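**Student:** Show me how the following folds:
(chains A and B)
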There are 2 protein chains.
Amino acid sequence: MNSLNEQFSQRLSVLEKEYKNYLEEPMDLNITRGIPSVNQLALSEPMLGLLYKPEDFLSQGNIDIRNYGELTGISEAKELFSTILGATSKETLIGGNSSLSLMYLVLTSKLFTSPSSWNAEKSVKFLCPSPGYDRHFSMTEKLGIEMIPIKMDENGPDMDEVERLVSKDAAIKGIWCVPTYSNPTGIIYSDEVVDRLAKMKTRASDFTIMWDNAYAVHHLTNDTRVAKNILAACKKAGYPERPWMFCSTSKITFPGAGVSAIAASEKNIKLLSNELSYQTIGYDKLNQMRHVKFLNNSNQIAKHMEKHASILKPKFDLIQKKLNERFKESNLLTWTNPKGGYFVHLTTLDGCATEIVKSLDKIGVKVTKAGATYPNGNNPKDNSIRLAPTSVELADLEKAMDIIGLCIEMISLKKVILVRN
Amino acid sequence: MNSLNEQFSQRLSVLEKEYKNYLEEPMDLNITRGIPSVNQLALSEPMLGLLYKPEDFLSQGNIDIRNYGELTGISEAKELFSTILGATSKETLIGGNSSLSLMYLVLTSKLFTSPSSWNAEKSVKFLCPSPGYDRHFSMTEKLGIEMIPIKMDENGPDMDEVERLVSKDAAIKGIWCVPTYSNPTGIIYSDEVVDRLAKMKTRASDFTIMWDNAYAVHHLTNDTRVAKNILAACKKAGYPERPWMFCSTSKITFPGAGVSAIAASEKNIKLLSNELSYQTIGYDKLNQMRHVKFLNNSNQIAKHMEKHASILKPKFDLIQKKLNERFKESNLLTWTNPKGGYFVHLTTLDGCATEIVKSLDKIGVKVTKAGATYPNGNNPKDNSIRLAPTSVELADLEKAMDIIGLCIEMISLKKVILVRN
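**Tutor:** Down below sits the predicted model:
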């Protein structure tokens, strides 16, 4: 045992020397967020020149999309996005460039301005499968909704726990889900999980599933399996008003100028349209038409996404290679190998993630704040790190992964030695 | 007297015959809303082709506007819109295509999500100078804010009444204003009104002026006077956090794909940016850059607006001509002759407006619902009609004005005869 400790200590002092060198010459690398690279952005440049003929400005041949109107979106866009979301046109509403705004719209409508507003109730709680998307959680916190973390595994949220909680507490009004290539673990909800979410009995009669299908078509491999359609499952289970499905083209065309969409039951879409009618006369219809002309249909979207994948796949492969090289034989780290989406998730030894992220920050490698992917930024195990490799060049990612590996190993070894002593 | 009544009756029976003919062959004309015409939309078509070179996608030479970020807008857009609104770049935030959404953002932030939210108070009231913009009022009603109508004259709201009310009631949290070419009367707030709004003592310490500068640059003549800058006036008066100023390019470029902006004190903009950060990662920056390249600066905006005016002026002139022909010598109607904006406002005999609008509707001429420009759709005098002539062709407007004149005269005469008997 003592000799093993010594081995660890020797290795640690090698790593610390290496780390010190980086301290003297810090890098400047940022892999904190799921941001497309410049090469990916270039893929959609042709979209910007698609509107110029008089007929390009007409929806259904007679509605001038340069003018006011069409609150719920042009019908051509509804058709396109309804296929991405797996709904009918009437079940689809087109938003501006941000699906996050649509989620905020749904939640604030339910909380503050709809006839039976949640705000009138004593407390409102949401289930938050964790790790999850930090912006879901910060929005929920901001709106004064209490967050209940739910464990995630490779099939989705822990459904035993979800069912147990929703069956007894009427204050639990909803759940956040990223069903396909979940942020950050990259897992796909199993059919069983989707069916149980759709069928479960909830004390809250207006229980709401916030189904953020941000990575619905964002495959990295030829295995293009996606999560089962929650709207269809809920309809079948007799709860058609339960789910709201979201998507956007932020990571299909441009994050800075995309189109978002929402799908839900026709009744829900009508309610939401009414809410929306007090806030706007309509979203940007020219940008909707640009997207319709550029993306056209499912096949064309798939072809376009293959171009994204050809840029992204080498980055995800590099991460696997680098992590395998350093950690395959060790038990200091486990990690995901997603078939799509924007993230790789690392599970460190308990109590190490914050310190690893801090040590990376000191030498100029910024990764997502440890805990950010948990409600209130609080991961009790402190063992979760999200890597967002998409925006950096391959060469920079390689450097970053060397340093990330170094810091993980260094901090983990310190911890191991501490525990053993 | 009797002979005058007889004269009226004879004239009325002529008008009723004429009306009957229209009943048999109804028109199909809609002048309900302030909508640009197709010719106006065509003016901004060149804007759509302005982004194609790599440097077109960069803000300040290094921020890729196709990607995420720049929550408060690209700096070039802030510069442009701050000149329209009369603020600094730091006092300006760029929105999506809808200034209405920005107004909703300000109100909902204050009501529901900001630290000292109005929602916690017993009641919240707003002053509503009337006639005013119906969408302001429907939003206010939707948000559960009690509306207090305030009389308008040619200088703006009745400031004696405004000062009296705000000085005694802490529940009065704000006022709606369309300061330049007010919707629907077309008046411009006098400097005195602006100064009194800025200086007045309010019981509510967070009294808020919603300054909808929708027609800031929308002149019809060479007389380009505009309302005094409320932000500057409030700063001078020691209430820098009082006003929020709004504008959009809906009636400069495209209603369906414009850019909106808001200006307020730096402190207010920071607070609002924080609120916004929970709802979106940023608005459409490519559209912001399109507008920057197309509109460029104040001079270019003015030149562009002259093209709009050359299309619009003949319509406004026609309305004056037609109303003068029929009503100049009568006391059945008064009307405005605005130097800008999108509306002509008619003041009918008391108790006639609703019936006039109904009689128009029956023969296929749709004008804005009588009362729509008053809080809760309720104009106690029932004497207000808004004409929105911009979207129709001149020939159609001529027909519409004949019929509008007919219906006003017919209903008014009926009323006069009724009163005299």
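**Student:** which residues does A:Lys303 contact?
**Tutor:** A:Lys303 makes no contacts at all, as judged by CB atoms under 8 Å, 6 or more residues apart in numbering or on different chains. Where you see a C-beta, it was placed from the backbone N, CA and C, and this is true even at glycine.
**Student:** My error: substitute A:Leu29 in the last question.
**Tutor:** Contacts for A:Leu29 (CB under 8 Å, 6+ apart) come out as A:Gly364, A:Val365, A:Lys366, A:Val392, A:Asp396, A:Lys399, A:Ala400.
**Student:** What pLDDT is listed against it?
**Tutor:** On the pLDDT scale, A:Leu29 is placed at 92.
**Student:** for A:Met1, same thing?
**Tutor:** For A:Met1, the pLDDT comes out at 52.
**Student:** Tell me which helix or strand the residue most central in space within chain A sits in.
**Tutor:** Geometric centre of chain A, nearest residue: A:Asn183, 3.9 Å, by CA atoms, centre = their mean. Mapping A:Asn183 onto the secondary structure by DSSP states H and E places it in no helix or strand at all.
**Student:** now A:Leu12
**Tutor:** helix A:2-24.
**Student:** returning to what we had before: once you drop chain neighbours, what's closest to the residue nearest to the centre of chain A?
**Tutor:** Spatial nearest neighbour of A:Asn183, excluding adjacent residues (CB to CB, 6 or more residues apart in numbering or on different chains): A:Tyr133 at 4.4 Å.
**Student:** what sits against the one you found?
**Tutor:** Residues near A:Tyr133 by CB under 8 Å, 6+ apart: A:Trp176, A:Val178, A:Asn183, A:Pro184, A:Asp212, A:Ala214, A:Thr373.
**Student:** from what I can see the last one touches A:Arg135, true?
**Tutor:** It stands for A:Thr373. No. The pair A:Thr373 and A:Arg135 fails to qualify as a contact (CB atoms under 8 Å) at a distance of 10.3 Å.
**Student:** so which of the contacts of A:Tyr133 is the most crowded?
**Tutor:** A:Pro184 (30 neighbours; other CB atoms under 10 Å in any protein chain shown).
**Student:** list the contacts for that residue?
**Tutor:** For A:Pro184, the contact set (CB under 8 Å, 6+ apart) comprises A:Pro131, A:Gly132, A:Tyr133, A:Phe343, A:Val344, A:His345, A:Thr368, A:Thr373, A:Ser384, A:Arg386.
**Student:** Return the closest of those with respect to A:Ala42.
**Tutor:** Top of the list for closeness to A:Ala42, among those and by CB to CB, is A:Phe343 at 22.4 Å.
**Student:** Next one: the closest residue to the closest one other than its chain neighbours from chain B, what distance?
**Tutor:** Spatially, and ignoring its direct neighbours in sequence, A:Phe343 is nearest to A:Pro184 (4.1 Å; CB to CB, 6+ apart). Note on A:Pro184: its distance to chain B, by CB to the nearest CB, to the nearest Å, is 17 Å.
**Student:** count of neighbours near the residue nearest to A:Asp64 when sequence neighbours are not counted?
**Tutor:** Leaving out its chain neighbours, the residue that sits closest to A:Asp64 by CB to CB, 6+ apart is A:Phe57, at 5.9 Å. The tally of other residues near A:Phe57 (other CB under 10 Å) stands at 24.
**Student:** How about the secondary structure of the closest residue to A:Pro255 other than its chain neighbours?
**Tutor:** Distances taken as CB to CB, 6+ apart place B:Tyr68 nearest to A:Pro255, at 4.3 Å, with adjacent residues excluded. Under DSSP: H, G, I helix; E, B strand; the rest coil, B:Tyr68 falls in the coil class.
**Student:** Next, find the distance separating B:Tyr68 from B:Gly61.
**Tutor:** 18 Å (CB to CB, to the nearest Å).
**Student:** just A:Lys235 next, same as before
**Tutor:** Relative to B:Gly61, and taking CB to CB, A:Lys235 is found at 51 Å.
**Student:** For the two, indicate the residue with more neighbours.
**Tutor:** Neighbour tally, A:Lys235 and B:Gly61, criterion other CB under 10 Å: the higher count belongs to A:Lys235, 17 against 6.
**Student:** Secondary structure element holding the more buried one?
**Tutor:** Going by DSSP H and E, A:Lys235 is part of helix A:230-237.
**Student:** which element follows that helix toward the C-terminus?
**Tutor:** Using DSSP H and E, the helix or strand that follows helix A:230-237 in sequence is strand A:243-248.
**Student:** That next one near chain B anywhere?
**Tutor:** No. Judged by CB under 8 Å from any CB of the partner chain, strand A:243-248 and chain B are separated, with a smallest distance of 10.4 Å.
**Student:** try stretch A:203-213
**Tutor:** No. Using CB under 8 Å from any CB, stretch A:203-213 never reaches chain B; the gap is at least 13.8 Å.
**Student:** Contacts for that stretch next, please.
**Tutor:** A:84-85, A:99, A:103, A:106-107, A:110, A:116, A:133, A:136, A:166-180, A:197, A:227, A:230-231, A:234, A:239, A:241-247.
**Student:** Secondary structure class of A:Trp176, three-state.
**Tutor:** Counting by three-state DSSP, the backbone at A:Trp176 sits in strand.
**Student:** Now do the SS call for A:Tyr215.
**Tutor:** At A:Tyr215 the chain is in coil, as set by three-state DSSP.
**Student:** What average pLDDT does the helix holding A:Lys235 get?
**Tutor:** 98.
**Student:** just stretch A:373-386 next, same as before
**Tutor:** Mean pLDDT, stretch A:373-386: 96.
**Student:** how about it: buried residues?
**Tutor:** For stretch A:373-386, the buried set under the neighbour-count rule, 16 or more other CB atoms under 10 Å in any protein chain shown, comprises A:Thr373, A:Tyr374, A:Pro375, A:Asn379, A:Asp382, A:Asn383, A:Ser384, A:Ile385, A:Arg386.
**Student:** Hmm, A:Lys90 is touching A:Lys267, no?
**Tutor:** No. Counting by CB under 8 Å, A:Lys90 stays clear of A:Lys267, with 10.4 Å between them.
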